[in-house]
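Asks: After the sequence you'll find the predicted model.
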Amino acid sequence: MNSPSQSGDRIESSPKHQPDQVNARGVFGVGLALAALVLLSMVGMVAFFRGLAVPDNYLLPDYATVGEDMEPPPPKLDPFQSQHLRQLRAEQQRILTSYEWIDREAGIARIPIARAMEMLHHQLPARNHRD
C-alpha cells in the first residue's frame, strides 16, 4: 500500500467537532426514564416499610413492655470471686502435678505434666543441628 505522502495524494479531513444540535428527543427520553425509576423506587420503599411496620393489634410479650416503674434486673455478681478463682487454680495445679487413675480397668492414668514431658523427651529421636 502506498501512504499518502509517497503517492502524492492529499487527504482532505473535515474538522472534527461536536454537533451544534442537541438531540432533544434523547435527552427527554433519558429524563423520563430517570423520573420513572425514581418514582418506582419510592413506591417500592413505601411498600417495603409498610411491610415492616408492626400492626396496632400486635401483642408484645411482657418482657418487651417498658414502664416507668420497671428496672432491669441487677447484674449477677460473684461476691466470692477471688476465693473461687483460688480454688479453681488450686484444682488445676493439682491436676497438672499429681498421679490419678482415670479408668483403672482400661489402664488409663493421669501423670504429672513434668513427668509426661520427660517421658516424651526420651522417646523422641535427637535432631542434628547443622548450620
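Replies: Yep, that arrived. Numbers count the residues shown, from 1 in each chain.

Asks: so where's this structure shaky on pLDDT?
Replies: Within the chain, the segments meeting pLDDT under 70 span 1-15, 19, 57, 60-69, 126, 128-131.

Asks: quick one, domains of it?
Replies: 24-53, 81-123 (automatic domain parsing).

Asks: Tell me, how many residues neighbour residue 73?
Replies: Residue 73 is flanked by 5 other residues according to other Cβ atoms under 10 Å. Where C-beta positions appear, they are placed from N, C-alpha and C, glycine not excepted.

Asks: Shouldn't it be within a helix?
Replies: No. Counting by DSSP: H, G, I helix; E, B strand; the rest coil, residue 73 is located in no helix; its state is coil.

Asks: can you tell me how far the residue nearest the centre of the chain sits from residue 46?
Replies: Nearest residue to the geometric centre of the chain (Cα atoms, centre = their mean): residue 52, 24.8 Å. Here the criterion is Cβ to Cβ, to the nearest Å. By it, residue 52 lies 11 Å from residue 46.

Asks: List the buried residues for the longest helix that the chain contains?
Replies: Counting residues, the longest helix in the chain under DSSP state H turns out to be helix 24-52. By neighbour count with 16 or more other Cβ atoms under 10 Å, helix 24-52 contains no buried residues.
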